[in-house]
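Colleague: Predicted model and sequence below, questions to follow.
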Amino acid sequence: MADSTPTLPLAGGTLGLSGPRPVLLVDPGERLLRSVLDALADAAPAVAAPTVGTLRSEVDAREDHATGSIDLPHPVPESFPHLRVAAREPVLDAVLDGFHAASRVAAFREADALSLVTVEAREPSTLLVADGAVAVPLPAADAAGYAAVRETDPERVDEVRGRWETRLTDAEPYALRTPSRRALFGAFAGRCDADVAAELLRLLDALPEVDRGDPCDHLDCVYAAGARRDAVNYGLRRAAEDCGLASPATLSSVKAEFEAAGLIETEPVPRRVGRPRQRIVPADDRLAAAAAEEVPGFVAAAKGDGTDGGADAADAAEAETHAASGVDPTAGDDA
């Protein structure tokens with residue numbers, strides 16, 4: 001459950017981000033948007049950033065053992081507000097840059113406590129419409145909190161809210177392509193097992209700042225976790241697809257990079273029907289033996305020793321294999 005009602009500090013008091021109707025935040029700057037999202041996270045840390053132990057306990061407590069991703073509902077009570085943010089796309093891009101920032105926001109969106117839409121042009125003023133009040137937040141002189149011009153007349157508040165709700169009816173949703181920690185854990189626990197899911201989150205937590213394209217990014221952590229916990233490649237690819245982390249084709253490219261860097265290799269896992277699947281195992285014992293906080297640096301160094309040509313060759317060989325077999329690499333078991 002949420003620990004408290006989200007509040008925004010204002011000069012002379014606070015503004016509660018609550019009410020029976022959605023809270024509207026229109027055209028915020030980066031600093032204000034971060035402050036409001038921080039308020040949500042501070043009020044409901046179990047939603048924003050559940051611990052590995054919490055998520056593992058939730059999976060272990062489930063009685064159903066159906067195959068596939070596990071749906072772990074976010075613990076948001078009915079009284080928690082819904083925040084609707086309408087912001088310019090560059091502002092959203094800046095605030096949600098990086099896996100962890102985007103994942104935290106994804107948690108509230110998955111819980112139906114947050115929606116993000118884009119507006120094209122800068123508005124004359126930023127507006128925050130909460131229960132019974134319209135505020136125009138302005139940065140305070142001491143940079144701690146905000147000053148604000150408030151309007152509490154019910155008719156005026158309803159008029160402003162109605163005008164903006166009408167304007168935002170056809171606003172374009174912001175494309176957030178990052179899953180929450182809860183969605184990520186449920187997908188990898190269901191498709192692989194809880195050990196793989198826990199290892200993945202531990203490796204991600206070893207990277208306070210991480211984004212796609214970093215020397216060791218969140219997709220690299222998938223294969224590092226898979227190798228350290230002997231995961232089947234098919235399960236890794238399906239889990240990443242299920243939670244929206246990456247497509248099977250993207251994961252195939254990451255796998256090829258790891259193989260070219262000498263980090264992983266595969267061993268067949270026979271099945272009664274169909275081709276054997278591939279288990280991901282470390283090709284370098286140091287990948288398995290390293291502490292979780294050391295793995296990102298080790299992976300980054302190993303990838304840096306490889307060459308693009310090696311990865312390209314692996315991709316080409318894999319494509320040739322699939323072409324010869326007539327199997328689509330995005331649909332097969334072990335691309």
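Modeller: Perfect, I can see it now.
Colleague: Low-confidence bits of the stretch 101-250 of the chain, can you list those?
Modeller: Across the stretch 101-250 of the chain, the ranges flagged by pLDDT under 70 are 139-145.
Colleague: need the strands for it, in chain order.
Modeller: Secondary structure of the stretch 101-250 of the chain (DSSP state E, counting those that start in this stretch): strands at 114-119, 127-130, 133-139, 146-151, 172-173.
Colleague: Now do the contacts for the residue lying closest to Leu201 once chain neighbours are set aside.
Modeller: Spatially, and ignoring its direct neighbours in sequence, Leu201 is nearest to Val52 (5.0 Å; Cβ to Cβ, 6 or more residues apart in numbering). Quick note: C-beta positions are derived from backbone N, CA and C, even for glycine. Val52 makes contact with Phe185, Ala198, Leu201, Arg202, Asp205, according to Cβ atoms under 8 Å, 6 or more residues apart in numbering.
Colleague: Which pLDDT value belongs to Val52?
Modeller: For Val52, the pLDDT comes out at 97.
Colleague: Next: Glu63.
Modeller: You'll see Glu63 listed with a pLDDT of 74.
Colleague: Name the residues of stretch 96-114 that are buried.
Modeller: For stretch 96-114, the neighbour count (16 or more other Cβ atoms under 10 Å) marks 96, 98-111, 113-114 as buried.
Colleague: quick one: contacts of it?
Modeller: Applying Cβ under 8 Å, 6+ apart, the contact partners of stretch 96-114 are 37, 40-41, 44, 47-49, 74, 76, 80-85, 95, 115-116, 176, 178-184, 204, 207-212, 217-218.
Colleague: Kindly recompute the last result at 6 Å.
Modeller: Here stretch 96-114 makes contact (Cβ atoms under 6 Å, 6 or more residues apart in numbering) with 40-41, 47-48, 74, 76, 80, 82-83, 176, 178-181, 209-211, 218.
Colleague: likewise stretch 202-210?
Modeller: With contact meaning Cβ under 6 Å, 6+ apart, stretch 202-210 is reached by Gly98, Phe99, Asp217, His218, Cys221, Ala224, Ala225, Ala292, Glu293, Val295, Pro296.
Colleague: Which PyMOL command selects the buried ones in those?
Modeller: Applying 16+ other Cβ under 10 Å to those, the buried members can be selected in PyMOL as follows:
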select buried, resi 98+99+217+218+221+224+225+292+295+296
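Colleague: Just send the contacts of stretch 202-210 back as a markdown table, with distance to Ala133 too.
Modeller: Listed next are the contacts of stretch 202-210 as a markdown table, based on distance: Cβ to Cβ, whole Å:
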| residue | distance to Ala133 |
| --- | --- |
| Gly98 | 32 |
| Phe99 | 35 |
| Asp217 | 42 |
| His218 | 39 |
| Cys221 | 43 |
| Ala224 | 49 |
| Ala225 | 46 |
| Ala292 | 46 |
| Glu293 | 45 |
| Val295 | 48 |
| Pro296 | 45 |
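Colleague: Show me the contacts of stretch 202-210 that map onto helices.
Modeller: The helices, defined by DSSP state H, take in Phe99, His218, Cys221, Ala224, Ala225, Val295, Pro296 from the contacts of stretch 202-210.
Colleague: Which residues are in contact with the fourth one?
Modeller: It stands for Ala224. Ala224 makes contacts with Leu203, Val295, Val299, as judged by Cβ under 6 Å, 6+ apart.
Colleague: now it: how far from Arg109?
Modeller: Noted for Ala224: a distance of 27 Å to Arg109, by Cβ to Cβ, to the nearest Å.
Colleague: which residues of the protein fall in helices?
Modeller: Applying DSSP H to the chain gives helices spanning 30-43, 45-48, 52-61, 89-95, 99-110, 154-167, 181-191, 194-205, 218-228, 233-242, 248-260, 285-289, 295-305, 308-325.
Colleague: Among the ones you listed, which comes closest to Gly13?
Modeller: Ranking the helices of the chain by proximity to Gly13 (Cβ to Cβ) places helix 30-43 first, at 14.4 Å.
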